[in-house]
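**Student:** okay, sequence plus prediction incoming.
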Amino acid sequence: MFRRVVRQSKFRHVFGQAVKNDQCYDDIRVSRVTWDSAFCAVNPKFVAIIVEASGGGAFLVLPLHKTGRIDKAYPTVCGHTGPVLDIDWCPHNDQVIASGSEDCTIMVWQIPENGLVTSMSEPVVVLEGHSKRVGIITWHPTARNILLSAGCDNMIMIWNVGTGEALITLEDMHPDVIYSACWNRNGSLICTACKDKKVRVIDPRKEEIIAEKDKAHEGARPMRAIFLSDGNVFTTGFSRMSERQLALWNPQNMEEPISVHEMDTSNGVLLPFYDPDTNVVYLCGKGDSSIRYFEITDEAPYVHYLNTFTTKEPQRGMGYMTKRGLDVNKCEIARFYKLHERKCEPIIMTVPRKSDLFQDDLYPDTAGPDPALEAEEWFEGKNGEPILISLKHGYIPGKNRDLKVVKKNILDNKPKMSKNTENTNPATKTATSAPSIKGEAKLDEVLKEIKSLRELVSSQEKRIAKLEEQLSQMDI
């Protein structure tokens, strides 16, 4: 009888490769704050990195092409008064990023199309509601302008960024620090890992716990929990003997795990990054110098070890590029941005193929940048699956619309009462005023940029004049 010894998988030969030195981002002072987040967020336009900052918290936002040595004077996003703990790009707008900080606030920023010219200290909106530092933030995968935050006050808050309001507050569900929070594929549920060693699956709109597992991992060190595309939950943590573990759970029956793997005895927290299109999970340990990757399938043992990418330097943090930012012509299936102490190094994961044609088995349609729902629809109870796009001809970004925050004000409702007394049609009024507001905002942005460039040019001219003076004195 023929017996297959090696499991067939198109990802068995995935290999990682660090880019050349000149394609790294050098001379970056990566944050030293003791918090187990990734410190880095990436999208098809920018890489954002939390950095050391005196007198508050800051992060760098670099266009992907701006490799090489980064000037110490390069502008940062620096509105927080305490260290930044977590950052996350909006999946529906590549110029919008949210940051959570030790100053108990969340700030949402709109980055100019070509990156920062001057330091940015004015966010589009500040979300205030947590009483302790905010360590976790994550955007809703399919609804526009919905942001989840979790703080050290053991609270989870879900915000409508478009109005600046907290619409859901989950207060009494977690008795201790929340280690991780993750949306499922359509954003109808969240799963959390907590210091009380429980993994919980929560319906945020009903404000109820659907499933929970006590002592998912018995060790005392931090756990992580993420949703997979089939609805199962994947966790990383520590055993009682301080061995690192990974486990797979079915939320319908959390009594026993589907699968558990012991790994090694290192003490770095394993950060899981998941690709829903290929069902591959990448595990990056903080302080490790390797990335392990596993394929998750329906056949036992369900979690299949693929390979390990190893380097010499330990990683301080890790950014993970969304699928639409990858180079499909090179069969690139993942790209990481590894943080060292003083630099950020891209690592490319590739499936070796002989053909130059588009490999449709590696690139099924993936989640695109268009939201399936508006914030209000989601809060009313609707769910929407991600709107998929094909990567056959590479991802071509569309025009991002600006993030507009409309604060709800009691005064705003007053004119509506006197609607009958007005002869003018209010519909035409709002229609004409909206574009002018948008135009003014754009004009302000352009004028600001021109002003900052002029200042830069004049300072450089002064410097040139000084240097010329020194040169003339040398000639003498």
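**Tutor:** Received it, and whenever you're ready, just let me know what you need.
**Student:** for E295, give its distance to P352.
**Tutor:** Distance, E295 to P352, using CB to CB, to the nearest Å: 16 Å. Glycine gets a C-beta too; all of them are placed from N, C-alpha and C.
**Student:** between these two, point out the one with more neighbours.
**Tutor:** Taking other CB atoms under 10 Å, E295 and P352 do not tie; E295 has more neighbours (20 against 8).
**Student:** quick one, what contacts the nearest residue to the more buried one once chain neighbours are set aside?
**Tutor:** Excluding its sequence neighbours, the residue lying closest to E295 (CB to CB, 6 or more residues apart in numbering) is H304, at 4.7 Å. Applying CB atoms under 8 Å, 6 or more residues apart in numbering, we find H304 in contact with 7, 9, 294-297.
**Student:** mind doing that once more with 7 Å?
**Tutor:** H304 makes contact with 7, 294-295, 297, according to CB atoms under 7 Å, 6 or more residues apart in numbering.
**Student:** got it, and N267?
**Tutor:** 221, 242.
**Student:** thinking again about what came up before, quick check on the residue nearest to E295: phi, psi?
**Tutor:** phi -110, psi 120 (degrees, to the nearest 10).
**Student:** hey, where'd the helices end up in the protein?
**Tutor:** 375-379, 414-417, 426-475 (DSSP state H).
**Student:** of the contacts of H304, just the buried ones, PyMOL syntax please.
**Tutor:** PyMOL command restricting those to the buried ones, with burial defined by 16 or more other CB atoms under 10 Å:
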select buried, resi 294+295
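**Student:** quick one on the thing from earlier: the helices of the chain: lowest mean pLDDT?
**Tutor:** Mean pLDDT values for those show the minimum at helix 414-417, a mean of 36.
**Student:** what's around N21, how many residues?
**Tutor:** 11.
**Student:** ok, back up a step: format the contacts of H304 as CSV; extra columns: distance to E256 and pLDDT.
**Tutor:** What follows is the contacts of H304, written out as CSV (distance: CB to CB, whole Å; pLDDT from 0 to 100):
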residue, distance to E256, pLDDT
R7, 24, 77
F294, 20, 95
E295, 22, 95
T297, 19, 93
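**Student:** nearest to E171, of the contacts of H304?
**Tutor:** F294 (35.4 Å; CB to CB).
**Student:** what residues are up against that closest one?
**Tutor:** Contacts of F294 (CB under 7 Å, 6+ apart): 281, 303-306.
**Student:** give me the residues contacting stretch 35-46.
**Tutor:** 30-31, 47-50, 61-64, 85-89, 94, 97, 111, 115, 135, 222, 269, 271, 286, 316-322, 324-325, 337, 339, 344, 395, 397.
**Student:** just the buried residues out of these, in ChimeraX syntax.
**Tutor:** If you want just the buried ones from the contacts of stretch 35-46 in ChimeraX, going by 16+ other CB under 10 Å, the selection is:
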select :30,31,47,48,49,50,61,62,64,85,86,87,88,89,94,97,111,115,135,222,269,271,286,316,317,318,319,320,321,322,324,325,337,339,344,395
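**Student:** N250: what's it in contact with?
**Tutor:** So N250 contacts 232, 258 (CB under 7 Å, 6+ apart).
**Student:** show me what it is bridged to.
**Tutor:** N253 (DSSP bridges).
**Student:** over to G319?
**Tutor:** The partner residues for G319, given DSSP bridges, come to Y337.
**Student:** separation between it and F59?
**Tutor:** 12 Å.
**Student:** same question, T297
**Tutor:** On the measure of CB to CB, T297 and F59 end up 37 Å apart.
**Student:** with R292 instead?
**Tutor:** 27 Å.
**Student:** go on, A211?
**Tutor:** From A211 across to F59, the span is 35 Å (CB to CB).
**Student:** go on, C152?
**Tutor:** For C152, the distance to F59 (CB to CB) stands at 20 Å.
**Student:** show me which of these two is the more surrounded one.
**Tutor:** Remark: of C152 and F59, F59 carries more neighbours, 23 against 19, as counted by other CB under 10 Å.
**Student:** dump the residue contacts of the spatially closest residue to that one that is not a sequence neighbour.
**Tutor:** Using CB to CB, 6+ apart and skipping residues adjacent in sequence, the residue nearest F59 is I50, 4.7 Å away. The contact partners of I50, by CB under 7 Å, 6+ apart, come to 31, 39, 59, 84, 87.
**Student:** go on, I209?
**Tutor:** I209 neighbours (CB under 7 Å, 6+ apart): 173, 200, 202.
**Student:** just the pLDDT at the residue lying closest to E122 once chain neighbours are set aside, thanks.
**Tutor:** Closest residue in space to E122, ignoring its immediate chain neighbours: G79 at 6.6 Å, by CB to CB, 6+ apart. In this prediction, G79 carries a pLDDT score of 92.
**Student:** from I111, how far out is G79?
**Tutor:** Per CB to CB, G79 is found 13 Å from I111.
**Student:** check S459 too.
**Tutor:** Distance, S459 to I111, by CB to CB: 23 Å.
**Student:** now do L471
**Tutor:** Counting by CB to CB - L471 and I111 are separated by 39 Å.
**Student:** same check on M254?
**Tutor:** Counting by CB to CB, the gap from M254 to I111 is 40 Å.
**Student:** pLDDT weak spots in the protein?
**Tutor:** 1-6, 395, 397-401, 407-441, 475-476 (pLDDT under 70).
**Student:** nearest the geometric middle of it, what residue?
**Tutor:** D88 (3.2 Å; CA atoms, centre = their mean).
**Student:** that one bridge partners, please.
**Tutor:** A98.
**Student:** touching, it and P141? I think so.
**Tutor:** No. Applying CB atoms under 7 Å as the test, D88 and P141 come out as separate, 11.5 Å apart.
**Student:** T118: neighbouring residues, count only.
**Tutor:** The number of residues near T118, taken as other CB under 10 Å, comes to 15.
**Student:** give me the contacts around stretch 132-142.
**Tutor:** Under CB under 7 Å, 6+ apart, the answer for stretch 132-142 is 35, 37, 85-86, 88, 90-91, 98, 100-102, 104-106, 146-153, 178, 180-183, 185-187, 367, 371-373, 378, 384-386.
**Student:** please name the nearest non-neighbouring residue to L228.
**Tutor:** Using CB to CB, 6+ apart, the nearest residue to L228 is F234, at 5.6 Å.
**Student:** ok, what's across the strand from that neighbour?
**Tutor:** Going by DSSP bridges, F234 forms beta bridges with I226, L248.
**Student:** now do the contacts for it.
**Tutor:** F234 makes contact with 226, 228, 248, 272, 274, 281, according to CB under 7 Å, 6+ apart.
**Student:** pretty sure the third one sits against Y302.
**Tutor:** Yes. Counting by CB under 7 Å, Y302 is a contact partner of L248 at 5.6 Å.
**Student:** who's more crowded, the two?
**Tutor:** L248 (20 against 16).
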